[in-house]
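S.K.: got a structure for you, letters missing:
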């Protein structure tokens with residue numbers, strides 16, 4: 001009996017050591033497999049300086065700063081975006097024209113992975129002969145986009161204000177520290193709205209001074225209270241001691257990530273050609289994120305918050321004598337899911353229309369009719385990346401047609 005107990009202890013300790021070593025190794029290679037040290041990730045000074053210089057904003061969390069530019073890869077090679085002196089994205093050939101339309105929202109409004117003359121705002125500018133100003137910012141939730149609208153609008157008044165977001169905005173409005181939902185996004189602190197007796201109140205960006213980054217741990221208790229995903233996602237997916245047991249809380253997710261990371265590390269060290277093999281771990285994460293947003297659209301607390309933020313956007317725009325228009329632009333996996341299952345945010349759209357009377361254009365309705373949607377997105381994988389040049393042209397064409405139909409006589413088409 002004693003001998004059996006000793007062997008049991010030896011096997012248990014050995015297994016725990018192997019699991020600890022494996023999990024720690026994979027964590028270094030792939031940030032989405034989180035462990036205890038990810039509760040308080042280290043701030044890298046050089047990376048922080050770069051973020052502060054190029055993106056930090058004390059109110060909104062981050063923003064595209066005036067007179068800056070950046071290179072990134074797109075579907076057809078390297079692309080470049082530039083920000084003008086008004087903090088909007090450059091709109092070649094239209095920057096000096098009158099602006100009837102301004103756009104706010106996330107990276108699908110900003111139009112990442114294409115050049116300045118390949119955004120849907122640029123194409124729409126050509127169609128309507130006006131400077132469609134682009135104030136989109138990558139990874140914004142509707143909450144940040146609304147706050148940016150209120151900050152920018154006085155200097156950039158337009159007849160129409162388009163709010164363009166991906167359906168995943170429902171998760172973004174529940175975050176305070178993006179790291180709790182997008183593991184590794186350690187500089188992504190932001191404000192968020194909450195509901196108190198049915199009214200919006202704001203929890204301001206906790207890191208509203210650049211010096212606070214180096215002491216961010218002092219603010220974590222408050223952040224954990226106000227960030228929905230700390231308890232409901234981060235803690236549940238974190239692997240901790242005893243590793244042999246906690247890894248089984250999400251066995252399919254954890255073992256698939258570990259398997260594919262190890263496979264890729266082995267292939268990288270071998271002489272075999274692995275260029276045709278897809279990066280499976282990120283595909284696993286994107287499927288999990290898709291399930292999260294589908295689930296959130298079925299949660300009343302989440303949809304109520306979303307509707308209240310949109311209601312405030314509508315109220316503000318109309319108070320400023322501007323016409324608000326809400327545009328949903330789906331990610332590729334949204335289109336694929338709806339095509340094979342059901343429209344998971346359709347009821348929320350109907351409720352928003354009834355509640356506010358706002359004009360809503362859901363691009364998903366038009367993408368569903370495409371036999372091949374790959375050409376509409378910039379990456380050749382299951383989640384598609386951002387819109388391609390063709391995708392942006394299609395969005396601009398849809399918006400032009402719908403705006404002319406809805407507001408005939410107010411807008412004019414070039415020529």
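M.R.: On my side now, so go ahead. Remember, it's a predicted structure, so these values are computed and weren't measured experimentally.

S.K.: close enough to count as contact, residue 190 and residue 205?
M.R.: Yes. In terms of CB atoms under 8 Å, residue 190 counts as a neighbour of residue 205; the distance is 5.8 Å. In this view, the C-beta of every residue, glycine as well, is placed from N, C-alpha and C.

S.K.: Neighbour count: those two, which is higher?
M.R.: Higher neighbour count among residue 190 and residue 205: residue 190, with 27 against 21, using other CB atoms under 10 Å.

S.K.: if I look at that one, how far off is residue 30?
M.R.: Here the criterion is CB to CB, to the nearest Å. By it, residue 190 lies 24 Å from residue 30.

S.K.: so what sits against both of residue 190 and residue 205?
M.R.: Each of 60-61 lies in contact with both residue 190 and residue 205 under the rule CB atoms under 8 Å, 6 or more residues apart in numbering.

S.K.: What average pLDDT does stretch 338-351 get?
M.R.: Averaging the model's pLDDT scores along stretch 338-351 yields 97.

S.K.: Can you give me the end-to-end span of it?
M.R.: In stretch 338-351, first residue to last residue: 19 Å (CA to CA, to the nearest Å).

S.K.: Can you give me the buried ones in that stretch?
M.R.: Within stretch 338-351, the residues scored as buried using 16 or more other CB atoms under 10 Å are 338, 343-345, 348-349.

S.K.: again with stretch 86-100
M.R.: 87-91, 94-95, 99-100.

S.K.: from those, which has minimum pLDDT?
M.R.: Here the lowest pLDDT out of these sits on residue 95, with 87.

S.K.: Residue 181 versus that one, what's the distance?
M.R.: If you go by CB to CB, the gap between residue 95 and residue 181 works out to 36 Å.

S.K.: Show me the shaky parts of the stretch 1-150 of the chain.
M.R.: Residue ranges of the stretch 1-150 of the chain with pLDDT under 70: 1-12.

S.K.: could you pull out the helices for it?
M.R.: When secondary structure is read from DSSP state H, counting those that start in this stretch, the stretch 1-150 of the chain shows helices at 2-29, 45-54, 107-110, 120-128, 142-152.

S.K.: who wins for proximity to residue 216 among the ones you listed?
M.R.: Proximity of the helices of the stretch 1-150 of the chain to residue 216 was assessed by CB to CB; the nearest stretch is helix 45-54, lying at 10.4 Å.

S.K.: thinking residue 55 is in contact with residue 64, fair?
M.R.: Yes. In this structure residue 55 lies within contact range of residue 64 using CB under 8 Å: 7.4 Å.

S.K.: Could you dump the helices of the stretch 1-150 of the chain into JSON lines with distance to residue 323 added?
M.R.: Conversion of the helices of the stretch 1-150 of the chain to JSON lines gives the following (distance: least, CB to CB, whole Å):
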{"stretch": "helix 2-29", "distance to residue 323": "49"}
{"stretch": "helix 45-54", "distance to residue 323": "33"}
{"stretch": "helix 107-110", "distance to residue 323": "17"}
{"stretch": "helix 120-128", "distance to residue 323": "14"}
{"stretch": "helix 142-152", "distance to residue 323": "13"}
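
S.K.: So which residues of the stretch 251-400 of the chain form strands?
M.R.: 323-328, 359-362 (DSSP state E, counting those that start in this stretch).

S.K.: would TSV of the ones you listed with distance to residue 166 be doable?
M.R.: Written out in TSV, the entries for the strands of the stretch 251-400 of the chain read as follows (distance: least, CB to CB, whole Å):
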stretch	distance to residue 166
strand 323-328	7
strand 359-362	12
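
S.K.: looking at those, which is buried most?
M.R.: Each of the strands of the stretch 251-400 of the chain was given a mean neighbour count from mean count of other CB atoms under 10 Å, and the largest, a mean of 22, is that of strand 323-328.

S.K.: Not counting it itself, show me its contacts.
M.R.: When contacts are defined by CB under 8 Å, 6+ apart, strand 323-328 is touched by residues 105, 159-167, 310, 313-314, 317-318, 345, 349, 352, 358-364, 399, 403, 407.

S.K.: Neighbouring strands - and their directions - for it?
M.R.: Each strand that strand 323-328 pairs with, and the sense of that pairing, follows from DSSP bridges: strand 160-165 (parallel), strand 359-362 (parallel).

S.K.: Need the contact partners of the shortest one.
M.R.: With CB under 8 Å, 6+ apart as the test, strand 359-362 has contacts from 323-328, 349, 352-353, 398-399, 402, 406.

S.K.: Reformat the buried residues of stretch 338-351 into CSV and put distance to residue 73 next to each item.
M.R.: Formatted as CSV, the entries for these read as follows, by distance: CB to CB, whole Å:
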residue, distance to residue 73
338, 28
343, 32
344, 30
345, 30
348, 34
349, 33
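
S.K.: Return the member of these nearest to residue 375.
M.R.: Looking at these and their distance to residue 375, the nearest is residue 338, at 18.5 Å (CB to CB).

S.K.: Now do the same contact list for residue 47.
M.R.: By CB under 8 Å, 6+ apart, the neighbours of residue 47 are residue 187.
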